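S.K.: Provided below are the primary sequence and the corresponding predicted coordinates.
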Amino acid sequence: MATITQQYDHPNYRISRDEMHSAVAAAGVIPTLTFRSRVAATVTGIGVVLGSISGTASLILTLLHNGSVAAVLTLSNSANEVAREFTLTVNRTLTSITDRFEVSGPTGATTGKVTVCYQYRIVPGATYSINAALT
């Protein structure tokens with residue numbers, strides 16, 4: 001783990017990390033697909049894979065950053081689009097322990113599985129105070 005005494009070109013600051021979450025498709029925010037970081041982190045990419053989804057011809061997934069819509073992803077079930085990435089155009093840094101990325105389940109889906117892969121890098125010298133987050 002990177003510490004505040006290391007240089008910004010230290011390998012720990014450049015390593016891209018991945019974290020994957022899977023859940024059964026459901027309407028609304030799926031808590032199992034939520035991403036939080038124990039230290040400040042910049043999310044560089046969020047990929048989605050749909051597995052065995054049945055339902056309407058197009059499926060819409062919504063990415064939320066701290067409860068606000070950050071991106072919307074529409075996949076065409078009829079075109080067998082099963083893997084895509086959200087396009088991130090706004091702030092992608094988690095700066096406190098309460099910050100999070102969430103995925104709202106596909107509309108129109110009746111069954112299936114959603115897997116989300118978060119790619120992120122730790123912010124140099126980043127630490128969180130759990131006490132500050134709780135007060």
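M.R.: It's in. None of the values given here were measured: they were computed from a predicted structure.
S.K.: Strands of the chain, residue ranges please.
M.R.: Per DSSP state E, the chain carries strands over the ranges 17-24, 41-65, 68-76, 83-85, 93-94, 101-122.
S.K.: Thr34: which of these is closest?
M.R.: strand 101-122 (4.9 Å; C-beta to C-beta). (Each C-beta comes from the backbone N, C-alpha and C, glycine too.)
S.K.: buried ones in that closest one?
M.R.: For strand 101-122, burial by neighbour count (16 or more other C-beta atoms under 10 Å) applies to 101-109, 112, 114-118, 120-122.
S.K.: what packs against it?
M.R.: helix 11-14, strand 17-24, strand 41-65 (3 or more C-beta pairs under 8 Å, 6 or more residues apart in numbering; DSSP states H and E).
S.K.: can I get the ones you listed in a markdown table with distance to Thr87, mean neighbour count and mean pLDDT?
M.R.: As requested, the helices and strands packed on strand 101-122 are exported to a markdown table (distance: least, C-beta to C-beta, whole Å; neighbours: other C-beta atoms under 10 Å; pLDDT from 0 to 100):
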| stretch | distance to Thr87 | mean neighbour count | mean pLDDT |
| --- | --- | --- | --- |
| helix 11-14 | 23 | 12 | 64 |
| strand 17-24 | 18 | 13 | 90 |
| strand 41-65 | 9 | 17 | 80 |
